[in-house]
Every structure is written in C-alpha cells, then in structure tokens.
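Student: Okay, predicted coordinates and the sequence, questions at the end:
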Amino acid sequence: MTMGPTGWDDRYAEAAAGKSSVWSLESNAWVAATVGGLDPGSAVDLGAGEGRNALWLASLGWEVTAVDFSAVGLETGASRAESLGLDIEWITADATDWVSPTEVDLVVVAYLQLPADDLALALGNAVGYLAPGGTLAVIGHDLDNLTRGVGGPQDAAVLYTVDALLEIARDLDVIECRQFERLTPKGTAIDAILVARND
C-alpha cells in the first residue's frame with residue numbers, strides 16, 4: 001500500500017523538526033549524470049519531495065517547477081531555495097492528475113513509486129506536456145530489486161519494470177531504457193531507468 005499525502009507530510013515534518021531531511025541534500029547521482037549536460041530551459045521535477053533535484057536544476061539555470069502532493073516536503077524545499085537565492089515554483093498537487101499549463105524542455109521523475117496504472121497516468125501526462133526536443137528522465141526502484149537488490153519499497157505493486165516504461169514512452173524516441181544497478185552501503189540496488197526525447 002502506498003503512503004498518501006498525510007503520511008508523507010508527517011514524515012517530512014518529523015525530519016524537519018530534527019533539523020534533518022528524509023532524502024539527501026544533493027541531487028540524485030543518476031539524474032545529475034543524465035541531464036547535467038543539457039542546455040537549461042524549463043523543467044518539471046515531478047514527485048519532487050523536498051526538492052533536491054529541483055534545487056540542483058535551478059542552480060544550473062533551469063526554470064523549475066517542483067510538484068509533489070506533500071505540502072510539507074515542498075515547504076522544506078522552498079526554505080532551502082530561499083536560503084540559496086533560487087527561484088523555483090512549488091506546486092502541491094497529485095502527480096497522477098497534475099498537468100503543466102505550458103510545454104517544458106525536461107521532466108525529471110526520481111523514485112515516484114506508484115501502482116502501475118497511477119504511474120502510467122503521471123508519466124503519460126508528462127509525455128503530453130513535453131516540448132518538441134524535450135527530455136523525459138525517469139528512475140525508480142525495479143521489481144527485481146525485491147529478490148536481487150537491497151532497500152526500496154517491498155511492495156511489488158509500486159515497483160517499476162522496463163517493459164512498463166517502454167510502453168509509456170512508446171511515442172517518444174527512447175534513448176535508454178534498462179535496469180540500472182546502484183551501489184549502496186548495504187549492497188547493490190536495482191533500478192529501472194528511462195531517458196527519452198520528444199523528437
């Protein structure tokens with residue numbers, strides 16, 4: 001069962017009260033390696049949480065919109081953005097039904113672990129507002145992580161598969177879609193990644 005907005009609000013609030021964060025302050029390493037070389041434009045960080053990827057993108061000159069259903073997580077991100085002098089639009093909304101009012105050059109989705117139908121809605125919407133030439137970059141815990149990896153959700157219903165990502169990106173030019181092994185202090189985690197362009 002996936003955790004709703006209230007559960008995530010509580011988790012982020014507890015971290016903030018302890019002067020810490022749920023996620024690292026640095027951008028996700030795969031996201032940084034994958035989109036760091038792109039020319040800045042407009043970007044959406046979908047399922048932004050505390051905004052670590054949004055903050056990193058904004059620091060590179062991207063015009064960023066961070067979307068998450070946890071207002072508390074976004075408040076943490078907004079506070080960090082203010083201290084860093086970064087201008088980011090923070091939107092509290094459900095990733096499954098939020099649609100950008102304008103086309104964007106980049107959509108980043110990092111560990112938005114949803115049931116397959118919900119994930120298809122969220123990513124399908126993202127494909128719809130991706131500008132011509134725009135990039136979709138997605139990383140999430142893979143189903144095989146349950147049996148061959150470490151960490152991540154232990155609910156098969158919210159884990160990614162390469163086939164599901166390929167289906168979602170069927171109308172895009174898929175640059176890369178595969179399993180991705182990530183080393184952690186506790187062992188190797190298995191993710192699924194997608195990089196696709198709206199050509």
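Tutor: Cool, the structure landed.
Student: Straight-line length of stretch 152-169, end to end?
Tutor: End-to-end distance for stretch 152-169, by C-alpha to C-alpha, to the nearest Å: 24 Å.
Student: quick one, strands of this structure?
Tutor: Under the criterion DSSP state E, the chain contains strands at 42-46, 63-68, 88-92, 104-110, 130-141, 173-184, 187-197.
Student: ranking those strands by burial, who's on top?
Tutor: Mean neighbour counts were compared across the strands of the chain using mean count of other C-beta atoms under 10 Å; the top stretch is strand 42-46, at a mean of 26. C-beta coordinates here come from the backbone N, C-alpha and C atoms, glycine included.
Student: mean confidence for that one?
Tutor: The pLDDT scores in strand 42-46 average 98.
Student: what do you get for stretch 121-138?
Tutor: pLDDT averaged over stretch 121-138 gives 98.
Student: before we move on, back to that, can you add distance to Arg52 and give the strands of the chain back as TSV?
Tutor: TSV is the format used below for the strands of the chain (distance: least, C-beta to C-beta, whole Å):
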stretch	distance to Arg52
strand 42-46	9
strand 63-68	10
strand 88-92	12
strand 104-110	9
strand 130-141	13
strand 173-184	16
strand 187-197	17
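Student: Figure out which of those is closest to Arg148.
Tutor: strand 187-197 (5.8 Å; C-beta to C-beta).
Student: And the contacts of that closest one?
Tutor: With C-beta atoms under 8 Å, 6 or more residues apart in numbering as the contact definition, strand 187-197 has outside contacts at 30, 34, 133-145, 148-152, 160-162, 165-166, 168-169, 172-183.
Student: partners of that strand in the sheet?
Tutor: strand 130-141 (antiparallel), strand 173-184 (antiparallel) (DSSP bridges).
Student: tilt between it and strand 104-110?
Tutor: 160 degrees (axes from the mean of the first three to the mean of the last three C-alpha atoms, to 10 degrees).
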